[in-house]
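# Any chance you can model this:
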Amino acid sequence: MKIIKALLLLTIVIGVSSCSKDNEVPTKIYAITANVDGTATTFTDVTGTTGSANGNILTTIQGKTSDGNTVSIAINGEIVAGKTYSAATVGASVQPLVSYSSGGDIYLNNSAGANLVSVTVTEVSDTFIEGTFKGDLATAVVGNGAVKTKIITNGIFTAKVKKQ
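Numbering: from 1, shown residues only. Reported below is the predicted structural model:
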């Protein structure tokens with residue numbers, strides 16, 4: 001009888017512990033990482049927002065480095081998992097925008113660059129977005145100033161998204 005009770009208790013313990021592991025949700029770490037001009041860079045304090053105005057949907061993901069540099073990714077339209085949003089797409093309203101600020105310089109999509117900006121969404125829900133991004137960025141020409149460039153490769157973002 002003691003053996004039967006012990007086996008029954010063991011079966012219950014194993015059953016309960018295996019069920020609790022199945023229900024665990026992996027913890028997401030909200031961050032943006034990318035190589036900026038070949039240097040691995042991590043952006044924290046990541047925020048994401050999505051909202052609409054006049055029927056246009058805009059989703060943005062932003063992050064900041066410890067030394068104050070920022071990156072921002074903006075995607076127009078309905079976000080679809082598995083879709084790549086490219087600056088090669090005709091029509092400025094559907095192209096993604098990647099911006100990077102460092103010091104007083106602001107870099108945006110470089111349409112003359114060898115690698116046009118692209119953003120691929122790998123996972124999306126009402127409260128979460130994850131994906132990859134890359135592309136060439138450049139500053140605007142002001143007066144006789146020279147254009148500065150940044151090359152973004154291997155970009156990965158994971159962000160909690162709030163609706164506005």
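# distance of residue 124 from residue 137?
Residue 124 sits 24 Å away from residue 137, going by CB to CB, to the nearest Å. C-beta coordinates here come from the backbone N, C-alpha and C atoms, glycine included.
# How about residue 109?
Residue 109 sits 6 Å away from residue 137, going by CB to CB.
# and for those two, which residues touch both?
98, 117 (CB atoms under 8 Å, 6 or more residues apart in numbering).
# who's more crowded, residue 124 and residue 137?
Using other CB atoms under 10 Å, the more surrounded residue of residue 124 and residue 137 is residue 137, with 23 against 19.
# Could you give the bridge partners of that one?
Bridge pairing for residue 137 (DSSP bridges) gives the partners residue 109, residue 150.
# Tell me how many other residues surround the nearest residue to residue 42 once chain neighbours are set aside.
Excluding its sequence neighbours, the residue lying closest to residue 42 (CB to CB, 6 or more residues apart in numbering) is residue 33, at 5.2 Å. By other CB under 10 Å, 16 other residues sit near residue 33.
# quick check, residue 33 in a helix?
No - Residue 33: not assigned to a helix; according to DSSP: H, G, I helix; E, B strand; the rest coil it is strand.
# Which strand residues bridge it?
With DSSP bridges as the criterion, residue 33 is bridged to residue 42, residue 156.
# what pLDDT does it get?
Note on residue 33: pLDDT of 97.
# and what of residue 104?
Predicted confidence (pLDDT) for residue 104: 89.
# Could you report the neighbour count for it?
When neighbours are counted by other CB under 10 Å, residue 104 registers 6.
# For it, give me phi and psi.
Backbone torsions of residue 104, given as degrees, to the nearest 10, read phi -100, psi 0.
# From residue 45, how far off is it?
Note on residue 104: its distance to residue 45, by CB to CB, is 20 Å.
# tell me which strands and helices the strand or helix carrying residue 107 is in contact with?
Using DSSP states H and E, residue 107 falls within strand 105-109. Helices and strands touching strand 105-109, as assessed by 3 or more CB pairs under 8 Å, 6 or more residues apart in numbering; DSSP states H and E, comprise strand 97-102, strand 128-138.
# Serialize those to CSV and add fields for distance to residue 146.
As requested, the helices and strands packed on strand 105-109 are exported to CSV (distance: least, CB to CB, whole Å):
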stretch, distance to residue 146
strand 97-102, 16
strand 128-138, 10
